[in-house]
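Q: Quick one, what's the 3D model for this:
(one chain, ligands or ions: 1)
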Amino acid sequence: MHVASLTVDPAYRIGEVDPRLYGSFVEHMGRCVYTGIYEPGHPHADERGFRTDTTALVRELGVPIVRYPGGNFVSGYRWEDGIGPVSERPTRLDLAWRSLETNQVGVNEFVAWARTADVEPLMAVNLGTRGIDAARSLVEYCNLPGGTYWSDLRGGEPYGIKTWCLGNEMDGPWQIGHKTAHEYARLALETAKAMRQVDPSIELVACGSSGRQMPTFGSWEATVLAEAYDAVDYVSAHAYYEQHGDDRDSFLASATDMDAFIEELVATADHVRAVGRHKKRINVSFDEWNVWYLSRFEGETNLEVRERPRLIEDVYSVTDAVVVGNLLISLLRHADRVRIGCLAQLVNVIAPIMTEPGGAAWRQASFHPFALTSAHGRGTVLQLALESPVHETARHGEVPLLDAAAVRSGDQVVIFAVNRSQTTPMSVDVDVRSLPSLSAATHTALFDDDPDAVNTAAEPDRVKPRTLDDPKLDGGRLQAVLPPLSWNMLRLS
Ligand code: AHR
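A: Numbers count the residues shown, from 1 in each chain. Modelled structure (predicted):
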């Protein structure tokens, strides 16, 4: 048995959780939209063609904001193709994923779906093949009440889309219309100015790096923010993690990389703030993150052109789910600066929700830690004093075997914790003497004798959280045992 300790004190606060930390992402990619959220003719389709079985799971997942319509897709997208009578919309070749895009779903349908799913849209504009004009017209279409060409074409009530991404991964050579930092910085600034002239109330996200491993990471953000600091509110970050070979210990410690990424990004933004004598702070929109077995993906250039191909439909194991839970712990730990997070993606494409065309919808293993963190991780994140045994990993060096975050809301404290040891349970002593009103606790955990166990259409509930015996909470001290390779939620009230 490993032994670790945590001290929770309400005086030590990191920040308030912005509910948008629990966002997700719908891209016109693979089967995320078509046969994912939208499938006319499906037994559970509503009158607009949206799958109500998927929407019910989206609500259960607890995502308050969803980024749309890409991703790499947005960098070749003409949003005007997706408005007007559905039967008259063109079918286009999407170069990002070498797919046929029928435009049956466009901005109007997405906003209608978002309302039924109770989510706020986070809209991205195309700064790959397009620019200022298309972006400002889209803001006009979505947000002006009427009396102008684009807003009258929309009709009805404005959509009031508050937050907008200025392109997607423009630092990546794979991106359609990839740019240097200087090229992007100028375009982002001028596009931001025009979009805000249409609707001054919007918030804007500048593209940061598509990964911490990008050769331009750091200098890209410094260049972009030096140019566009006053015109934007957030800088984005994207990160995907996978297990390399049999190195599970490194994979289980992926959150240490996310921690470093966020801290380096914040340091870069704050450096630009200091140099430019700016007052406001630029916060982080971590608008793509997840486990993705990218090394197994053959790449879009080898794809034969198809409509709604099965692309990157990764099936997540218990281990993957524990990593997802740990990445959420990292986001919570940085809640003072990370205001938006988007689990990429929402349905079928590296997603917590899977569907079959004409068939069932079910929860992947990774659905569970996400849904529970979103449901119970609201309030103030507390700074923990954490003592844990460590071990050595090939990719991240020495890492603690225990990772945890605590969120306080009224009379409740919820601790999210991961035991990264593959073999040994962890006894955790939690000191909550500074919160004398806490007298009871529950323990929910995700773990399995088989860390590779997955959920499938045939066995959709093979992996699910379990309720363990209530841990002892006595004299301000809680004792809990975390199983090996597990994600845990301790609720103290
Ligand atoms: O989420 C899949 C892809 O990953 C997105 O389209 C892109 O932005 C990222 O590289």
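Q: what bridges to the residue in the stretch 201-350 of the chain that the ligand sits nearest to?
A: Nearest residue of the stretch 201-350 of the chain to the ligand, counting by C-beta to the nearest ligand atom: residue 344, 4.3 Å away. Every C-beta, even on glycine, is put in place using the N, C-alpha and C of the backbone. Going by DSSP bridges, residue 344 is paired in beta bridges with residue 25.
Q: swap in residue 385?
A: Counting by DSSP bridges, residue 385 is bridged to residue 7.
Q: list the contacts for it?
A: Applying C-beta atoms under 8 Å, 6 or more residues apart in numbering to residue 385 gives the contacts 6-7, 9.
Q: now swap in residue 391 and tell me
A: Contacts of residue 391 (C-beta under 8 Å, 6+ apart): 249, 398-399, 401, 420-421.
Q: Going by neighbour count, which of the residues you listed are buried?
A: The neighbour-count test (16 or more other C-beta atoms under 10 Å) applied to those identifies 249, 399, 401, 420-421 as buried.
Q: Strands - which of these land there?
A: residue 399 (DSSP state E).
Q: could the buried ones among the contacts of residue 391 go into CSV alongside distance to residue 463 and pLDDT?
A: Shown next, in CSV, are the buried ones among the contacts of residue 391 (distance: C-beta to C-beta, whole Å; pLDDT from 0 to 100):
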residue, distance to residue 463, pLDDT
249, 21, 98
399, 25, 98
401, 22, 98
420, 18, 98
421, 19, 98
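Q: Just give the closest residue to residue 217, not the sequence neighbours.
A: Nearest residue to residue 217 in three dimensions, chain neighbours excluded: residue 209, at 4.3 Å (C-beta to C-beta, 6 or more residues apart in numbering).
Q: Burial check on the one you found, number of neighbours?
A: For residue 209, the count of nearby residues is 29 (other C-beta atoms under 10 Å).
Q: Could you list the low-confidence segments of the stretch 101-250 of the chain?
A: By pLDDT under 70, the stretch 101-250 of the chain contains no weakly predicted segment.
Q: Quick check: the residue of the chain nearest the ligand.
A: Of the residues in the chain, the one nearest the ligand is residue 71, at a distance of 2.9 Å by C-beta to the nearest ligand atom.
Q: what comes into contact with stretch 100-116?
A: By C-beta under 8 Å, 6+ apart, the residues outside stretch 100-116 that reach it are 26, 28, 33-34, 37-38, 46, 48-50, 55, 66, 68-69, 73, 77, 79, 81-83, 86, 89-94, 120-121, 123, 138, 141-142, 154, 159, 161, 305-307.
Q: what's around residue 336, how many residues?
A: For residue 336, using other C-beta under 10 Å, the count is 15.
Q: center of this structure - which residue?
A: For the chain, the residue nearest the mean C-alpha position is residue 342 (1.9 Å; C-alpha atoms, centre = their mean).
Q: which ones are touching residue 290?
A: 240-241, 324, 327, 343-345, 350, 366.
Q: Find the helix or strand that it is a member of.
A: Residue 290 belongs to strand 283-291 when assigned by DSSP states H and E.
Q: which neighbours does that strand have in its sheet, and in what orientation?
A: Counting by DSSP bridges, strand 283-291 is paired with strand 234-241 (parallel), strand 338-344 (parallel).
Q: got CSV for the contacts of residue 385, with neighbour count too?
A: As requested, the contacts of residue 385 are arranged in CSV below (neighbours: other C-beta atoms under 10 Å):
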residue, neighbour count
6, 22
7, 18
9, 16
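Q: Kindly reformat those residues as JSON lines and extend each row with pLDDT.
A: Output for the contacts of residue 385, formatted as JSON lines (pLDDT from 0 to 100):
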{"residue": "6", "pLDDT": "98"}
{"residue": "7", "pLDDT": "98"}
{"residue": "9", "pLDDT": "97"}
